[in-house]
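Quick one, fold the following:
(chains A and B, ligands or ions: 1)
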Amino acid sequence: MEYKAIIIGGSAGSFQVVTKIIAALPKNYPLTVFLCLHRLKHIRSGFVEALSIKAQMPIEEPNDKDPVKHGRIYLAPANYHMYVELGNKFALSTEDPVNHSRPSIDLSFESVAYNYNKKAIGIILSGANRDGAMGLKAIKNAGGIAIVQDPKECQVPTMTSASISATKVDYILKTEEIIKFLLNLR
Amino acid sequence: MVTEDDVLKFISTIKNVSTYNFTNYSEKSFKRRAEKLLVDYKTDINGLMYRVSNDKEFLEQIVRDITVNTTELFRDPDIWATLKYRILPKFKKNKSIFIWHAGCSSGQEIYSMLILLHQLDLFDKAKVFASDINTQMLENAKKGQYKYRFNLGYLDNFDKVIKENPYNYDEFKEVPYSQYFDIDKAKDIITMKKFLRDKPVYRKHDLVNDGNIFYSKFDIILCRNVIIYFNNKLQNSVIELFSNNIYRNGYLVLGAHESILGSVSNNFDRTKGLYKKKPF
Ligand SMILES: C[S@@+](CC[C@H](N)C(=O)[O-])C[C@H]1O[C@@H](n2cnc3c(N)ncnc32)[C@H](O)[C@@H]1O
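Residues are numbered from 1 along each chain as shown, chains lettered A, B, ... in the order given. Next comes the predicted model:
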């Protein structure tokens, strides 16, 4: 397999899209999928449960130092930054928010870029801020693939537009096309 | 940008001139802290190492800067509800309850516990000890004064834990905030009541080097969101220390996304998100 990890970042307006994407990935999908999504302060819990109803792959919020496994979806826990460290372990942190965000999409993407290099695929979805732009750039610079949801389709296009101006992205795709792309990787 | 080599050199410099040893801290977050230091002090890694070696006061400041001190009142309300309804009531018959907050930061976790103990009529029995490597944070904890606006979320957490009962939605107990803290909206501060502030014993303590400095074992040790900054090896040695200093059937309370991974986990049963020391 050419690719090992997919990381998806999203904020306002991304929940439906993420749900659609992970629902489409079959049970035995072989890559690791990381989700780094901003959440509203008052809905900190219940998110992973909501997603797990739709997902066919196993999905969880990792604990600190948990090993990263294939064929699983990992959701960054509310109120923690989530890194992947060398040796394929998670590391969590409660450092101050970056660009008002914790989890910070930039930080998660950068660590995935560093750990997986050209075996990583980064996807930025709808959102109302500029988090993720630097992270997607890091994925691209490390030789991975940079994808953004088509801003025309996004409920809030700020985040995807910021990513497109920060880096020369490989693909600008609608939700259905993102799904097709991910399924064809196999 | 700071390279891995820079980080190693920096860590070994600190180690050579002090007792502080960050060798076994988590790589990513330590590196980020180091990068932040360079920006904050407008220097490069060599400049930083020079000052750390030649200025004791600066070194202490750097140690305070490196630690991540974010905390909240009743952080993760579910855990506090578990403590309130499932754990603390078990100690009703005890003559005393020994509690240690390791890595207490600016004290919000301690005040959460004190308020809970008071609600359960366990306050007078409790002996509460608190420690951190960061002396500035210990001073802040003693003061018990926090920004009000920034911490408005605290009040939601307070309501969830103290006023509501997640096991029985019909139950609601009106507990005025003023019983435990004063809110000054104009000055934007919350101040904990004196009877709460006077309760804990505070000590500087480094989980890397120091053993149990409190001359007592504990019924409950809370060490939350501290070991995420440590690597596996250091995590295990810290948990070992806790394991040796918790009474049988006592509890270790870790952060919501922390767990015990080494063989020392055999000393505990995981129940309801907490670790209970096995009775043998
Ligand atoms: C993120 S705060 C956690 C505060 C609180 N327990 C909570 O969960 O809200 C982490 C604390 O661990 C402390 N710490 C870091 N390294 C330490 C060490 N080696 N020994 C003792 N405390 C340490 C830091 O100074 C900081 O105050």
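
Can you report how many residues neighbour residue 64?
Reading this off chain A. A total of 27 residues lie near residue A:64 under the criterion other Cβ atoms under 10 Å in any protein chain shown. Yep, even glycine has a C-beta here, placed from its N, CA and C like the rest.

Chain B, not that one
Residue B:64 has 15 nearby residues by other Cβ under 10 Å.

The helix or strand bottoming out on mean pLDDT in chain B near the ligand anywhere?
Lowest by mean pLDDT, DSSP states H and E among the helices and strands of chain B is helix B:152-158, with a mean of 87. No: applying Cβ under 6 Å from any ligand atom, one finds helix B:152-158 separated from the ligand by no less than 11.5 Å.

List the contacts of that helix.
A:41-42, B:72-75, B:77, B:80, B:108, B:115, B:146, B:177, B:190 (Cβ atoms under 8 Å, 6 or more residues apart in numbering or on different chains).

Type out the ChimeraX command that picks the buried ones from these.
Burial among the contacts of helix B:152-158 is assessed by 16 or more other Cβ atoms under 10 Å in any protein chain shown; the matching ChimeraX selection reads:
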select /B:72,73,74,75,77,80,108,115,146,190
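
how much space is there between the closest residue to the ligand within chain A and chain B?
In chain A, no residue comes nearer to the ligand than residue A:94, which is 4.7 Å away by Cβ to the nearest ligand atom. Distance from residue A:94 to chain B, counting by Cβ to the nearest Cβ, to the nearest Å: 5 Å.

count of residues packed around that residue?
With other Cβ under 10 Å as criterion, residue A:94 counts 24.

and it, what is it in contact with?
Here residue A:94 is in contact with A:79-81, A:102, B:68, B:70, B:225, B:228 (Cβ under 8 Å, 6+ apart).

The ligand next: which of those are close?
Of the contacts of residue A:94, the ones that also sit near the ligand (Cβ under 6 Å from any ligand atom) are B:68, B:70, B:225.

Any regions of chain A where pLDDT drops low?
For chain A, the stretches with pLDDT under 70 are A:40-45, A:186.

Let me see the ranges of the strands in it.
Ranges of strands in chain A, per DSSP state E, are A:5-10, A:32-37, A:59-60, A:73-75, A:81-85, A:89-93, A:120-124, A:145-149, A:171-173.

Chain B now?
Using DSSP E, strands in chain B cover B:97-102, B:126-132, B:145-147, B:181-184, B:189-192, B:201-204, B:218-223, B:246-254, B:268-271, B:274-277.

mind putting the ones you listed in a markdown table, distance to residue A:128 included?
Below are these laid out as a markdown table (distance: least, Cβ to Cβ, whole Å):
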| stretch | distance to residue A:128 |
| --- | --- |
| strand B:97-102 | 38 |
| strand B:126-132 | 37 |
| strand B:145-147 | 26 |
| strand B:181-184 | 32 |
| strand B:189-192 | 30 |
| strand B:201-204 | 42 |
| strand B:218-223 | 36 |
| strand B:246-254 | 34 |
| strand B:268-271 | 39 |
| strand B:274-277 | 38 |
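
What count of nearby residues applies to residue 150?
Went with chain A since none was named. Close neighbours of residue A:150, defined as other Cβ under 10 Å, add up to 17.

ah, I was thinking of chain B
When neighbours are counted by other Cβ under 10 Å, residue B:150 registers 10.

just the one 3 residues further on next, same as before
Residue B:153 is surrounded by 14 other residues when neighbours are defined as other Cβ under 10 Å.

and the ligand, which of the contacts of helix B:152-158 reach it?
Among the contacts of helix B:152-158, the ligand is touched by B:72, B:75 when using Cβ under 6 Å from any ligand atom.

which one of the contacts of helix B:152-158 is nearest the ligand?
Among these, and counting by Cβ to the nearest ligand atom, the member closest to the ligand is residue B:75, at 4.9 Å.

I figured the closest one was touching residue B:224, is that so?
Yes: using Cβ atoms under 8 Å, residue B:75 is in contact with residue B:224, at 7.3 Å.

Identify the contacts common to the two.
Common neighbours of residue B:75 and residue B:224, counting by Cβ under 8 Å, 6+ apart, are residue B:109.

ok, which residues in chain A are in contact with chain B?
A:41-42, A:45, A:61-66, A:77, A:80-81, A:83, A:85-86, A:89, A:91-96, A:111 (Cβ under 8 Å from any Cβ of the partner chain).

Any figure for the gap between residue A:59 and chain B?
15 Å.

For that residue, name its beta-bridge partners.
Assessed by DSSP bridges, residue A:59 has beta-bridge partners residue A:73.

Tell me how many other residues crowd residue 140.
This is for chain A. If we define neighbours as other Cβ under 10 Å, then residue A:140 has 20 of them.

ah, I was thinking of chain B
19.

Can you give me the neighbour number for the closest residue to residue A:157 other than its chain neighbours?
The shortest distance from residue A:157 to any non-neighbouring residue, by Cβ to Cβ, 6 or more residues apart in numbering or on different chains, is to residue A:151 (3.7 Å). Residue A:151 is flanked by 17 other residues according to other Cβ under 10 Å.

And residue A:113, by the same measure?
Quick note: residue A:113 (other Cβ under 10 Å) scores 26 neighbours.

what about it, distance to residue B:154?
Distance from residue A:113 to residue B:154, counting by Cβ to Cβ, to the nearest Å: 36 Å.

What is the end-to-end distance of stretch B:152-171?
24 Å (Cα to Cα, to the nearest Å).

Show me which positions of it end up buried.
Going by 16+ other Cβ under 10 Å, stretch B:152-171 has these buried residues: B:154, B:157-158, B:160-162, B:165.

And the contacts of the longest helix anywhere in chain A?
When chain A is parsed with DSSP state H, its longest helix is helix A:105-116. Where contact means Cβ under 8 Å, 6+ apart, the residues beyond helix A:105-116 that reach it are A:4-5, A:7, A:9-11, A:34, A:36, A:38, A:76, A:81-86, A:88, A:98-99, A:120, A:122, A:124, A:131-136, A:138-139, A:141-142, A:144, B:28.

roughly how far is that helix from the heart of the chain?
The chain centre lies 10 Å from the centre of helix A:105-116; the measure is Cα atoms, centre = their mean, to the nearest Å.

okay, the angle between that helix and strand A:81-85?
Relative orientation of helix A:105-116 versus strand A:81-85 (axes from the mean of the first three to the mean of the last three Cα atoms, to 10 degrees): 10 degrees.

Please report the distance of residue B:96 from the ligand.
The gap separating residue B:96 from the ligand is 23 Å, by Cβ to the nearest ligand atom, to the nearest Å.

what bridges to residue A:10?
According to DSSP bridges, beta-bridge pairing links residue A:10 with residue A:37.

Help me confirm that it comes into contact with residue A:34.
No: counting by Cβ under 8 Å, residue A:10 does not reach residue A:34; the two are 11.7 Å apart.
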